[in-house]
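> How does the following fold in three dimensions:
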Amino acid sequence: QVQLVESGGGLVQAGGSLRLSCAASGRTIGNVGMGWFRQAPGKEREFVAAISWRGGSTSYADSVKGRFTISRDNAKNTVYLQMNSLKPEDTAVYYCAAAARTPVASAYKGDYAYWGQGTQVTVSS
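Numbering: from 1, shown residues only. Predicted coordinates:
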């Protein structure tokens, strides 16, 4: 079992930045892909970013490309999401996820077996 705990969310003005962290415990996440998803009120949970097991490959939703950066530190069992140039439409609960087996940077929700409780990000205009 893997437990994931997100932190770093909050309220920020449009154009600002936030850095989310996802700390894993229970077992190492160093051999699986990791992802960030988000869910706005009344909407489905959507893919944001993913990173392969060693961090050599990343994938991003078109809506965040060039603004968000996913990274990982396997020694610390932690994944990060740096969010710059935030927009009001980025407002959502952000979830960290660990893949069950796949080591690649997957955008497919079904590849992820473990989820954090989420952290709220609110961007004011």
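> CA only for contacts and neighbour counts going forward, please
OK.
> Mind telling me what element the closest residue to residue 106 other than its chain neighbours is part of?
Distances taken as Cα to Cα, 6 or more residues apart in numbering place residue 50 nearest to residue 106, at 6.0 Å, with adjacent residues excluded. Taking DSSP states H and E as the definition, residue 50 sits inside strand 46-51.
> right, and the helix or strand after that strand?
Going down the chain from strand 46-51, the next helix or strand is strand 58-60, by DSSP H and E.
> Counting by contacts, list what the next helix or strand after that next one packs against.
Per DSSP H and E, the first helix or strand lying C-terminal to strand 58-60 is strand 68-73. Applying 3 or more Cα pairs under 8 Å, 6 or more residues apart in numbering; DSSP states H and E, one finds that strand 68-73 makes contact with strand 46-51, strand 78-83.
> buried set for strand 68-73?
68, 69, 70, 71, 72 (16 or more other Cα atoms under 10 Å).
> cool, and stretch 77-89?
Neighbour count says stretch 77-89 has 77, 78, 79, 80, 81, 83, 84, 86, 87 buried, by 16+ other Cα under 10 Å.
> so can I have TSV of the residues you listed showing pLDDT?
Shown next, in TSV, are the buried residues of stretch 77-89 (pLDDT from 0 to 100):
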residue	pLDDT
77	95
78	97
79	98
80	98
81	98
83	98
84	98
86	98
87	98
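> Spatially central residue for this structure, please.
Among the residues of the chain, the one closest to the centroid is residue 36, at 2.2 Å (Cα atoms, centre = their mean).
> ok, the spatially closest residue to that one that is not a sequence neighbour to residue 42 distance?
Leaving aside its chain neighbours, residue 36 sits nearest to residue 96 (4.7 Å; criterion: Cα to Cα, 6+ apart). Separation of residue 96 from residue 42 (Cα to Cα, to the nearest Å) stands at 20 Å.
> Cool, thanks, signing off.
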